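J.: Next one to model:
(2 chains)
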Amino acid sequence: MSSPRVDVSIENKRAESSQDDAKGHPNTCPSCGSHYRDDELERHLRVCPHCGHHFPVRALERIAQLSDPGSFAEAAADLRSADPLGFVDLRPYVERLAEAEQATGLGDAMVIGTARIDGSPCALAVMDFAFMGGSMGSVVGEKFVRACDLAGEKRIPLVSVAASGGARMQEGILALMQLPKTVCAVEELHEAGIALISVMTHPTTGGLLASFASLGDVLLAEPGALMSFAGPRVVQQTTREKLPDDFGRAEQNLRFGHIDAIVPRDELRPTVGRLLRLFGSHGE
Amino acid sequence: MASEQEPGFFERLSKLAGYTLRRGTKLHAELERLQRQLDRLTEEETDEEIWRRVQLARDDERPYTLDYAERIFDDFFELHGDRGRVDDAAVVTGLGKLEGQTVALIGQQKGRDLKERLARNFGMAYPEGYGKAMRVMELAERHRFPLLTLVDTPGAYPGVAAEQHGQGGAIARTQAIMARLGVPTVTVIIGEGGSGGAVALAVADKVLMQENAIYSVISPEGCASILWRDASQAQKAAAAFRPDAAHCLELGVIDGIVPEPVGGAQIDHELAAELLREAVAGSFAELENASSAERRRARRAKFRAMGVLA
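T.: Numbering: from 1, shown residues only, chains lettered A, B, ... in the order given. You can find the predicted model right below:
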């Protein structure tokens, strides 16, 4: 008998996690069916005013939601992925990258820089699920490390906002190496006594949950965010178990002691602001 | 293969050859054979050859962690349990003497027969297995024992309880402890290095792979089912991301390749263990003169440099 070949990897799970997000129009609430104009949804921080469902938020909009107006200064915006494997599946990786950049206006799935939140200075590392499912390859890993460097140089806390299916398969083993790479950077922050506030949004799965996102001094999650190492479909297929209704969701993670708090989006900015003050970021 | 990457590759290979030769000339023939084989690999490795390595890495007769533990150590004493909840048998830990020095061992363990496979969950750890690993890492640090980890897992177990007990966080924290250790650390991937479940035990000063081991971000089957939407395209997927040792060395992901007996480690467990012992002892010897702070700094700098940017 040979070992069972199950998929237990940390691949980008956008295929399955996008199923519940992508039914119909992006501005139609998948939870209650209400439909909104884009400006309405933006005004409500992309939370359904009817049922409270949290829609995905793009990186720059998230930064605008969180930081004091005009305070954000982006860093390392020019970093771009290479194609170390010359990877081609149904399409070449370079083609997928070019398409993602065109569609999102971003160089990769993370935006970093410095900002103020409720008056407190901090470094920011914010992910964008719209760029190849927020998958983490060399650029995301490098940007996160540089955000740690920014925090270290200026001695300000780092706030990270994760939204990712996991490692970027098209970069092969180098994508996996972004886990220890980002973990090493967090270790240096910890040793320097610099706070890391990690916010996990839907979805934070696979390699993200298994690296820096889980290592914050404080772990926050948005309501309903899927936060599992293995995706629900993989677990279902492997174990044939009936999954609990809130499998891998933020609520289950809070109950089992894996995160500190679930914070609705309209409370996120004041909550992060409070934490920054508690950790002693008072401006320079 | 990109010719611009070849100089670095051969430099690393010759470094591996150099230190091993200093430690005993009996490996000379083996290394020459490996060199020839790698020369051939860098010229061209076919899809079939890569797939053959995937199969060898998963071979049921391949030596597992405990097979090596009893052969490379004098007086191996197994340690059990995470001190909290359970003893996860997918992870084996213990202490043993290697060339007169007490070394801590942590490794994933697959089972040989059906009963043992079930008991060891096919080498797929729960968070408790990583908890067990973490407490033995702390023990090693406390007593200044060098740490050897042997990686052989399809991946961390994907199950409801594993998620409820915090699989992702456990893998993250295990890496964090490895990033923090001051003692010399060596990892050898001895079979399957499956994704996050593998890298949790592989944040070491020296990361080596056996000649027919594989190390990958996702299983070829998983990659094929997502990107090709067809799990039967696994061979094609493996050829696209190349989980073999030569490729990992070329990308700078590992520090060296440990030769295996001709035809694979499953053919001769004794020789495979002897080759492994030589490589591990040689790596520890290279690391022992640095200070804790120097090792920590060099280890973090190594991982920090991983990745390729445009």
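
J.: Name the single longest helix found in the chain.
T.: I went with chain A, as the question did not name one. helix A:138-154 (DSSP state H).

J.: Can you look at chain B instead?
T.: Of all the segments assigned as helix in chain B under DSSP H, the longest by residue count is helix B:269-287.

J.: could you give the mean pLDDT of that one?
T.: The pLDDT scores in helix B:269-287 average 97.

J.: Over to stretch B:92-99?
T.: Taken as a whole, stretch B:92-99 carries a mean pLDDT of 98.

J.: buried sites along that stretch?
T.: Residues of stretch B:92-99 classed as buried by neighbour count (16 or more other C-beta atoms under 10 Å in any protein chain shown): B:92-96, B:98. Backbone N, C-alpha and C define where each C-beta goes, glycine included.

J.: Any chance you could list what contacts it?
T.: Applying C-beta atoms under 8 Å, 6 or more residues apart in numbering or on different chains, the contact partners of stretch B:92-99 are B:65-66, B:69, B:72-80, B:102-109, B:132-133, B:136, B:145-146, B:148, B:277, B:280-281, B:284.

J.: Buried subset of those residues as a ChimeraX selection?
T.: Buried residues within these, as defined by 16+ other C-beta under 10 Å, are selected in ChimeraX through the command that follows:
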select /B:65,66,69,72,73,76,79,102,103,104,105,106,107,108,109,132,133,136,145,146,148,277,280,281,284
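
J.: On the pLDDT front, check residue 37 for me.
T.: All of this refers to chain A. 94.

J.: could you do chain B instead?
T.: The model's pLDDT for B:Gln37 equals 64.

J.: One more: A:Gln237?
T.: Reported pLDDT for A:Gln237: 83.

J.: element containing it?
T.: helix A:232-239 (DSSP states H and E).

J.: Buried residues, that helix. List them.
T.: Neighbour-count burial for helix A:232-239 flags A:232-236, A:238-239 (criterion: 16+ other C-beta under 10 Å).

J.: list the helices and strands that helix packs on?
T.: helix B:160-164 (3 or more C-beta pairs under 8 Å, 6 or more residues apart in numbering or on different chains; DSSP states H and E).

J.: Do a quick rundown of the helices in the stretch 101-250 of chain B.
T.: Counting by DSSP state H, counting those that start in this stretch, the stretch 101-250 of chain B forms helices over residues B:114-119, B:127-143, B:160-164, B:167-180, B:195-199, B:220-223, B:234-241, B:245-250, given from the N-terminal end onward.

J.: Just the strands from chain A, written as ranges.
T.: For chain A, the strands defined by DSSP state E occupy A:73-75, A:110-117, A:120-127, A:158-164, A:196-204, A:218-221, A:261-262.

J.: one step back: JSON lines for the buried residues of helix A:232-239, including distance to B:Val54?
T.: As requested, these are exported to JSON lines (distance: C-beta to C-beta, whole Å):
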{"residue": "A:Pro232", "distance to B:Val54": "27"}
{"residue": "A:Arg233", "distance to B:Val54": "24"}
{"residue": "A:Val234", "distance to B:Val54": "20"}
{"residue": "A:Val235", "distance to B:Val54": "24"}
{"residue": "A:Gln236", "distance to B:Val54": "26"}
{"residue": "A:Thr238", "distance to B:Val54": "20"}
{"residue": "A:Thr239", "distance to B:Val54": "24"}
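
J.: tell me which parts of the stretch 51-200 of chain A are close to chain B?
T.: Within the stretch 51-200 of chain A, the positions lying close to chain B (C-beta under 8 Å from any C-beta of the partner chain) are A:79-82, A:84-85, A:87-90, A:137-139, A:141-142, A:145, A:167, A:169, A:171-181, A:183-188.

J.: Just the buried ones from the residues you listed?
T.: A:79, A:81-82, A:84-85, A:87, A:89, A:137-139, A:141-142, A:145, A:167, A:169, A:171-181, A:183-188.
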